[in-house]
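J.: Let's see this in three dimensions:
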Amino acid sequence: MGSFFNYLKGKSTQKAMIVIATPFVIFAGIFMGYWAFTNHHRKGKPKIQRLPTRSMSIGALHGGRLALQRLVDYHEAHDNAASLHRAETELEDLLKEEQPNLMQLQRTVAKLEMSGKEEEAVAILEQAVENAQKGKQHEAYEIEMLLAEMLIYKGDFEKALNCECLKHEEISDARRPLYKAIIYIMLGKYEQAKKCWGDFKGIQRNLQWPPSLKESHQVDTASSINHFKEFEKVVKYLKDDIHEAQAQRMAQN
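T.: Below you'll find the predicted structure:
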């Protein structure tokens with residue numbers, strides 16, 4: 001993957017930042033999903049609350065557009081359970097495409113979490129990363145980011161932290177410090193988590209958005225959470241949900 005990373009580090013860094021950011025514009029407003037966590041019916045300081053699934057929690061941490069999309073997917077899935085059952089096949093089919101739709105991949109991965117098929121998704125994504133590394137470096141990078149997210153859902157925090165895509169600090173990709181901040185909180189390493197969260201906020205502030213995306217960036221950041229303690233509370237709720245899902249899997253085996 002050396003040439004891809006060198007491209008990002010070179011003279012085209014600003015363009016590369018946009019290439020990465022555009023498919024994931026929701027990272028501009030990581031905490032637009034704050035509305036999903038707050039109880040507006042209480043007076044005083046809003047109370048952070050749980051969301052129905054782990055992928056919705058991650059979606060809210062990512063930002064407004066992904067949070068909203070996962071909320072829609074969640075309700076559609078409950079109205080049409082068949083969409084969850086098809087998710088595994090859908091993921092495999094998407095990965096076979098010459099140029100996989102990254103946003104659709106992200107939505108499908110969330111559906112697999114909703115249906116409790118983290119292990120199946122991890123196996124599929126690991127094979128896809130291995131295949132893509134043979135000539136599709138950018139695709140391999142993006143798929144491994146999805147793998148890191150799924151490993152977080154699964155509770156394999158150390159394995160997620162060891163994903164190659166999370167090691168390249170020279171890349172201005174907000175997902176890297178975000179996922180690492182989540183993982184470090186899960187592992188009780190709060191100083192590292194604070195640093196990564198600060199790195200994330202720095203990337204968020206410094207990303208140069210194309211003109212067509214600037215307006216949504218400004219709207220998203222207007223409702224952002226700016227304090228690490230608030231972020232920490234959301235992640236701890238996510239951790240509880242992950243442990244609950246692990247217990248359910250063990251009970252079924």
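
J.: Go ahead and produce PDB holding the CA coordinates of stretch 148-156.
T.: The C-alpha coordinates for stretch 148-156 follow below in PDB (Å, rounded to 0.1, in the frame of the first residue of the first chain):
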ATOM      1  CA  ALA A 148     -12.000  -2.100  12.200                       C
ATOM      2  CA  GLU A 149     -15.500  -0.800  12.900                       C
ATOM      3  CA  MET A 150     -16.900  -4.400  12.900                       C
ATOM      4  CA  LEU A 151     -14.200  -5.600  15.200                       C
ATOM      5  CA  ILE A 152     -15.200  -2.900  17.600                       C
ATOM      6  CA  TYR A 153     -18.800  -4.200  17.500                       C
ATOM      7  CA  LYS A 154     -17.500  -7.700  18.100                       C
ATOM      8  CA  GLY A 155     -15.400  -6.500  21.100                       C
ATOM      9  CA  ASP A 156     -12.100  -7.400  19.600                       C
END
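
J.: Tyr153 and Lys195: what is the separation?
T.: 24 Å (CB to CB, to the nearest Å). To be clear about C-beta, it is placed using only N, CA and C from the backbone, and glycine gets the same treatment.

J.: more crowded one of those two?
T.: With other CB atoms under 10 Å as the criterion, Tyr153 and Lys195 differ in neighbour count, and Tyr153 comes out ahead with 26 against 15.

J.: and the helix or strand containing the more buried one, what does it pack onto?
T.: Taking DSSP states H and E as the definition, Tyr153 sits inside helix 137-154. Secondary-structure packing of helix 137-154 (3 or more CB pairs under 8 Å, 6 or more residues apart in numbering; DSSP states H and E): helix 2-9, helix 54-62, helix 102-114, helix 118-132, helix 157-161, helix 175-186, helix 228-252.

J.: Which secondary structure element of the chain has the lowest mean pLDDT?
T.: Every helix and strand of the chain was ranked by mean pLDDT, DSSP states H and E. The lowest is helix 13-21, at a mean of 35.

J.: Now render the helices and strands packed on helix 137-154 as TSV, adding mean pLDDT and distance to Gln204.
T.: Shown next, in TSV, are the helices and strands packed on helix 137-154 (pLDDT from 0 to 100; distance: least, CB to CB, whole Å):
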stretch	mean pLDDT	distance to Gln204
helix 2-9	42	18
helix 54-62	47	11
helix 102-114	83	19
helix 118-132	93	26
helix 157-161	97	21
helix 175-186	92	9
helix 228-252	83	12
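
J.: which other residues reach stretch 146-161?
T.: Contacts to stretch 146-161, defined as CB atoms under 8 Å, 6 or more residues apart in numbering, come from residues 54-55, 58, 105-106, 109, 112-113, 118-119, 121-122, 125-126, 129, 163, 165-166, 175, 179-180, 182-183, 186-187, 242-243, 245-246.
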